[in-house]
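Undergrad: model the structure of this input:
(chains A and B)
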Amino acid sequence: DTEVTQTPKHLVMGMTNKKSLKCEQHMGHRAMYWYKQKAKKPPELMFVYSYEKLSINESVPSRFSPECPNSSLLNLHLHALQPEDSALYLCASSQELRAGTEAFFGQGTRLTVV
Amino acid sequence: GENVEQHPSTLSVQEGDSAVIKCTYSDSASNYFPWYKQELGKGPQLIIDIRSNVGEKKDQRIAVTLNKTAKHFSLHITETQPEDSAVYFCAAQWGGNNRLAFGKGNQVVVIP
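TA: This is a model prediction of the structure:
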C-alpha cells in the first residue's frame, strides 16, 4: 500500500476565509511534504516534516501554516490567500528524510481562491 | 542547488512504438533519480527510479538508464499504449533531506 490520501479534492475559498487541507498516510512514513503545483509546471516544495518536526520551510508566506499533529497526519492551514495561490496542493510522504528514499504523492487538493 | 533539464517538452508516438525522454542534471553529488507519471487531474505517481550505483533498471515496459559521467538519465517506454499518455517528470535528489529537483515535464501523447 503506497497510498497518501488528501482531502478535500476540490476547494473554493474567498480571500478572507480560513480553511485547512488534510493529508493522511498509514505506511509508517516519518517524513511528509507539502508541494504546490501550478498548471503545466512541476511540483514546488513548500514544507517538509521529519518525525513530526518542521525540517524545511522553503520561504513560504505565513498565510500558509503547516501542522503535523502525529506521524500519520499533515495539515496545511490557509488564511487570507490571494488568487495567485490557486493551484494543486500535493502532499507526499517517504519512509524517512534521507537520501534515496522513495516519495509517494497524494492525488492533491485543487484550490481556487476567489 | 540542483538543476534538471528535461527534453523534449512534448512527444507524440504511435501506439506500439517506443518513447524516450531524456534528462540532464547539474550536481554530480546527486544519487537518486525517480520518474513520475502524472495523469490529468491526478497527483504524480512514482513509476520507476534509479540510484547512482546502477546503470540501468527495467520494470516490464519501462526502463531507466543512468550515465553518471555525462550526468544524464533517460526513461524508455516500449510498446506504448494509450494509457501511457500523461505528463512525465524526471527528478534528481540533491543536498540530502530528500529534496527533489524536478524537470519541467514532458507531455507524452500515444496516438491509437
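Undergrad: what score does residue 75 have for pLDDT?
TA: All of this refers to chain A. With respect to pLDDT, A:Asn75 scores 98.
Undergrad: wait, chain B was what I had in mind.
TA: 98.
Undergrad: thought B:Asn97 was touching A:Phe47?
TA: No: the criterion here is Cβ atoms under 8 Å, and B:Asn97 misses it with A:Phe47 at 11.9 Å. Where C-beta positions appear, they are placed from N, C-alpha and C, glycine not excepted.
Undergrad: what residues do these two have in common as contacts?
TA: A:Ile56 (Cβ atoms under 8 Å, 6 or more residues apart in numbering or on different chains).
Undergrad: neighbour count for the two, which is higher?
TA: Set side by side, B:Asn97 and A:Phe47 show more neighbours around A:Phe47, with 21 against 16, by other Cβ atoms under 10 Å in any protein chain shown.
Undergrad: A strand includes A:Ser62, no?
TA: No: counting by DSSP: H, G, I helix; E, B strand; the rest coil, one finds A:Ser62 to be coil, located in no strand.
Undergrad: so what's the residue count around it?
TA: Other residues close to A:Ser62 by other Cβ under 10 Å number 7.
Undergrad: please tell me how far it sits from B:Val13.
TA: Going from A:Ser62 to B:Val13 by Cβ to Cβ, to the nearest Å gives 46 Å.
Undergrad: now do A:Ser50
TA: Distance from A:Ser50 to B:Val13, by Cβ to Cβ: 40 Å.
Undergrad: burial count for the residue in chain A that chain B sits nearest to?
TA: Residue nearest to chain B within chain A: A:Pro42 (3.5 Å; Cβ to the nearest Cβ). Around A:Pro42 there are 22 other residues, counting by other Cβ under 10 Å.
Undergrad: quick one: residues contacting it.
TA: Contacts of A:Pro42 (Cβ under 8 Å, 6+ apart): B:89, B:102-105.
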